[in-house]
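# sharing a model prediction with you, sequence too.
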Amino acid sequence: MPSPLAPPAQNPARRWLVGAAGLAGVAVLAGVGRLMLFYAMERDAFVPGPAGTLKPDDLGVTSRQFAFASGDRLLRGSFVAAEDPAAPALSVFHGDEESLADWAPVQALLHHAGISSFVFDYSGYGASTGRPTVRHLHQDALAAYNQFRAATPNAARHYVMAYSLGSGVLLDVVNDLLPVPDGMVIGAGFRSARSAAVVTGKVPRWMAWMLPDPWNNIRRIRKLTLPILLLHSRQDETIPFHDAECMARAAHGPRRLEVFEDLPHNAAIEAPYMNRFWTPVIAYLKSGKL
């Protein structure tokens, strides 16, 4: 019989269970911490553009301004039809700090080029209701694509375009879009939400690993076979040109990277640069060839 002064014998199985429970507790706390950090960052990550007043109609082009549901929210959309119902059609997933008004000149430009266009505001952007979150924007993208297809039943080809923030929104849902679009355009896109948070100064580089990465565009683009036209400027002051190079290398389907030497980040919607930016896009949309 053991001496009453001797320490009690420890059960190895019990030691293992206690250790495993401790590690599991640490993992749970770490997971909860990451989630709380993500929600805190998500609240500050989106900068909705104001509604604005400019419409394509103010530029001499007839548009249809309308609202549609996304979950319990009401989103605003703008549709401009080409004169030919069979013309190619483009749905735009715009960037941060933007709204329909910023894209009115683009819709006028595309109309004059013989292309139908559809643009919408995410939850909380422009006059759309609700709050922008990753989950809400996922729902918004699917609802908007359905509206786009309904508005363009006779289009010869249907394309989707993501700009800046929109690259995360679109690539998050692109494999769920039905009918499948004929091709994709990515302008000034980022390789992942995590890397974008670092380069835009929202998160210190040392903290980035702690964040979930809901929009990993590199991972998603590897799974695509759609033709993709990527456009990026070497002088982009917001998203590094290197991100576009990474996405172009990751794409397994047909792709082309159109390189601009000196355009700013918002070239697609800024009057002095619009024509230069959109010339290769229009050529792609009208020909169907990269």
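In hand now; what should we look at? Residues are numbered from 1 along each chain as shown.
# which stretches in the stretch 151-290 of the chain count as strands?
For the stretch 151-290 of the chain, the strands defined by DSSP state E, counting those that start in this stretch cover 158-163, 183-187, 228-233, 255-260.
# hmm, I typed the wrong one, I wanted the stretch 1-150 of the chain.
Under DSSP E, counting those that start in this stretch, the stretch 1-150 of the chain gives strands at 64-70, 73-80, 89-93, 116-120.
# nearest to Leu177, of the ones you listed?
strand 89-93 (9.4 Å; CB to CB). To be clear about C-beta, it is placed using only N, CA and C from the backbone, and glycine gets the same treatment.
# in that closest one, which residues are buried?
By neighbour count on 16 or more other CB atoms under 10 Å, the buried set for strand 89-93 is Ala89, Leu90, Ser91, Val92, Phe93.
# surely the first one and His158 touch.
In this case it means Ala89. Yes: using CB atoms under 8 Å, Ala89 is in contact with His158, at 5.4 Å.
# which neighbours do these two share?
Taking CB atoms under 8 Å, 6 or more residues apart in numbering as the criterion, Ala89 and His158 both touch Phe148, Thr152.
# can you show me the helices along the stretch 1-150 of the chain?
Assigned by DSSP state H, counting those that start in this stretch, the stretch 1-150 of the chain shows helices spanning 12-45, 100-112, 134-151.
# span of stretch 228-243 from start to end?
This stretch, stretch 228-243, spans 15 Å end to end (CA to CA, to the nearest Å).
# give me the contact list for it.
Contacts of stretch 228-243 (CB under 8 Å, 6+ apart): 164, 183-191, 195-196, 199-200, 221, 244, 247-248, 251, 253-265, 267, 277, 280-281, 284, 290.
# now do 6 Å
Contact with stretch 228-243 is made by 184-188, 190-191, 244, 248, 251, 255-258, 260-263, 265, 284, 290, as judged by CB atoms under 6 Å, 6 or more residues apart in numbering.
# pull out the buried residues from these.
Neighbour-count burial (16+ other CB under 10 Å) is assigned, among the contacts of stretch 228-243, to 184-188, 190-191, 244, 248, 251, 255, 257-258, 260, 263, 265, 284.
# pretty sure Tyr145 is touching Leu177, no?
Yes: if you go by CB atoms under 6 Å, Tyr145 and Leu177 touch, sitting 5.2 Å apart.
# low-confidence ranges, this structure, go.
Counting by pLDDT under 70, the chain shows low-confidence ranges at 1-44, 194-212.
# distance check, Ser123 against His252.
32 Å (CB to CB, to the nearest Å).
# looking at these two, which one has more neighbours?
Shown here are Ser123 and His252; by other CB atoms under 10 Å, Ser123 has more neighbours (23 against 10).
# now the more buried one. Its backbone dihedrals?
With angles defined as degrees, to the nearest 10, Ser123 sits at phi -50, psi 130.
# which one is Thr53 nearest to, not counting chain neighbours?
Leaving aside its sequence neighbours, Thr53 sits nearest to Ala101 (CB to CB, 6 or more residues apart in numbering; 6.3 Å).
# and the buried residues of strand 89-93, which is closest to Phe118?
Ranked by distance to Phe118 (CB to CB), the buried residues of strand 89-93 are led by Ser91 at 4.7 Å.
# so the closest one touches Arg149, yeah?
No: applying CB under 6 Å, one finds Ser91 not in contact with Arg149, separated by 8.5 Å.
# tell me which residues are up against stretch 167-178.
Residues from elsewhere that reach stretch 167-178 (CB under 6 Å, 6+ apart): 93, 137-138, 141-142, 145, 160, 162, 186, 189, 193, 215, 217, 220.
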